[in-house]
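Undergrad: this is the structure alone, sequence omitted:
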């Protein structure tokens, strides 16, 4: 089965903020500041509610029987609907296993809401057995099925109190962890036009997630120790071929002591 490890990067939806909160006519920076202020006052956080996140990057690790690719969908100029359409078109075409870290709690709900807002079709993704009987007991929507594995959720025993951060779990098994601007600074980077940097940051996240997923496959007996080690070497070899496309890949390799894995 083809595997898609995916991650999204988002910013507050400023156009929705203007519409819903009467902020028409204000520049982007002022709308962002106002939305953050209202959210802090309401919930003691600046993290906006799910439906108010705008997707600015979707990155994937695609693993097939004979290849591994890491890239971000579209281009830095692609619109949000274009990115979402490409994501679900890939699901429709390959019917992959989706793998994420906190995808059930964040990435997929954001994709659902934003696809709904933009009127984007995703028939294969939403299939639950109505047309294809194979999806009745194994589909992308049900939390405990295998077509989407949220590694964080599974490791936590589906208990939110046991959730762990991607960066910390990556470092604890010997990986470099996150690299780049950091999630808290994505909105600022986006307003500064640094979309390519956001995409590179997101690609490191999916790389970490894929390697954590491989560790999970080892833990649950779906790969042997030798298969796991062989896959780590294969990923390293792949990064050597891909490093010209993302400046963080070379740094990642330099900071990844394989013997610690």
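TA: Structure's in. What do you need? This is a predicted model, so every value here is computed, not measured.

Undergrad: in a helix, residue 5, correct?
TA: No - with DSSP: H, G, I helix; E, B strand; the rest coil as the criterion, residue 5 is assigned strand and is not in a helix.

Undergrad: look at it and say how many residues are nearby.
TA: For residue 5, the neighbour count with other Cβ atoms under 10 Å is 29. Every residue, glycine included, has its C-beta placed from N, CA and C.

Undergrad: so how far is residue 46 from it?
TA: Distance of residue 5 to residue 46, computed by Cβ to Cβ, to the nearest Å: 28 Å.

Undergrad: do the same with residue 138
TA: According to Cβ to Cβ, residue 138 and residue 46 sit 38 Å apart.

Undergrad: neighbours around residue 205, how many?
TA: 27.

Undergrad: wait, it sits on residue 8?
TA: No - when contacts are counted by Cβ atoms under 8 Å, residue 205 is not listed as touching residue 8 (9.3 Å).

Undergrad: overlap of the contact sets of these two?
TA: residue 59 (Cβ atoms under 8 Å, 6 or more residues apart in numbering).

Undergrad: which of the three states applies to residue 33?
TA: Under three-state DSSP, the three-state class of residue 33 is helix.

Undergrad: number of residues surrounding it?
TA: 13.

Undergrad: ditto for residue 48
TA: Burial measure for residue 48: 21 neighbouring residues, criterion other Cβ under 10 Å.

Undergrad: dump the residue contacts of it.
TA: Contacts of residue 48 by Cβ under 8 Å, 6+ apart are 12, 13, 35, 39.

Undergrad: could you look up the SS state of it?
TA: Secondary structure, three-state DSSP: residue 48 is coil.

Undergrad: where do the helices sit along the stretch 151-261 of the chain?
TA: 151-155, 166-172, 186-191, 195-219, 225-242, 247-254 (DSSP state H, counting those that start in this stretch).

Undergrad: list the buried ones in the last one?
TA: Yep, that's helix 247-254 we're talking about. 248, 249, 252 (16 or more other Cβ atoms under 10 Å).

Undergrad: of all those residues, which comes closest to residue 188?
TA: Distance to residue 188 across those (Cβ to Cβ) is lowest for residue 248, with 18.7 Å.

Undergrad: could you pull up the mean pLDDT of stretch 61-80?
TA: Averaged over stretch 61-80, pLDDT sits at 97.

Undergrad: also stretch 235-255?
TA: On average, the pLDDT along stretch 235-255 is 94.

Undergrad: gap between it and the chain center?
TA: When distances are taken as Cα atoms, centre = their mean, to the nearest Å, stretch 235-255 is centred 19 Å away from the chain's centroid.

Undergrad: what's the end-to-end length of that stretch?
TA: Stretch 235-255 has its terminal residues 14 Å apart, counting by Cα to Cα, to the nearest Å.

Undergrad: residues in contact with that stretch?
TA: Everything outside stretch 235-255 that qualifies as a contact, by Cβ under 8 Å, 6+ apart, is 68, 70-71, 176, 179-180, 200-201, 203-204, 207, 210-211, 256, 258.
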